[in-house]
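S.K.: Pasted the sequence and its predicted model underneath.
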Amino acid sequence: MNILIINGPNLNFLGIREPEIYGHKTYNDLVNQLLEYAEDVNVTVEIYQTNHEGEIIDIIQDNHHRFQAIIINPGALTHYSYALHDCLKSVPIPAVEVHLSDINNREAFRKLSVVAPACVATITGKGFQSYTEAIDLLKRGHEGK
């Protein structure tokens, strides 16, 4: 199974940005953990990070045909990017939204995800494990076909 993993704005600042919320592990730590986990469970992943909404849309549109699923952490785009919602709805593969922190127990504006309705699931508040749970969920769904 091939999974496209996309990380949005500010994820590149893991380990620097609000360590009391996101911890001290870096973005490179996340990437390395995901690559190792994917290999362990016999899944291929490609991982992208950008701070630009349009670039996320381009990555999805240009690459969706190469993957069976998408894992996306849209960062702050979660709360207002209808363009990202529409993009995820336009491709014929399932997407799982993930968040490192529990967005439902943070500031009020973070509780609304306009991206979630375009996804088959949302996993929040489990740190890096949010991603590994998403991989497992998508793999189980793919094997069931």
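M.R.: Arrived safely. Residues are numbered from 1 along each chain as shown.

S.K.: Output the lowest mean pLDDT helix or strand found in the protein.
M.R.: helix 19-22 (a mean of 78; mean pLDDT, DSSP states H and E).

S.K.: what distance separates the start and the end of stretch 108-120?
M.R.: This stretch, stretch 108-120, spans 23 Å end to end (C-alpha to C-alpha, to the nearest Å).

S.K.: what does the average pLDDT come to for that stretch?
M.R.: Average pLDDT, stretch 108-120: 88.

S.K.: rewinding a little: buried residues in the least confident helix or strand of the chain?
M.R.: In terms of neighbour count (16 or more other C-beta atoms under 10 Å), helix 19-22 has its buried residues at Tyr22. In short, each C-beta sits where N, CA and C put it, glycine included.

S.K.: Name the nearest residue to the residue nearest to the spatial centre of the chain, ignoring sequence neighbours.
M.R.: Residue closest to the mean C-alpha point of the chain, counted by C-alpha atoms, centre = their mean, is Ile72 at 2.2 Å. Take Ile72 and drop its neighbours on the chain: the residue closest to it by C-beta to C-beta, 6 or more residues apart in numbering is Ile6, 4.7 Å away.

S.K.: what pairs with the helix or strand the one you found falls within, and is each one parallel or antiparallel?
M.R.: Element membership of Ile6, judged by DSSP states H and E, is strand 2-7. With DSSP bridges as the test, strand 2-7 is paired with strand 44-49 (parallel), strand 69-73 (parallel).
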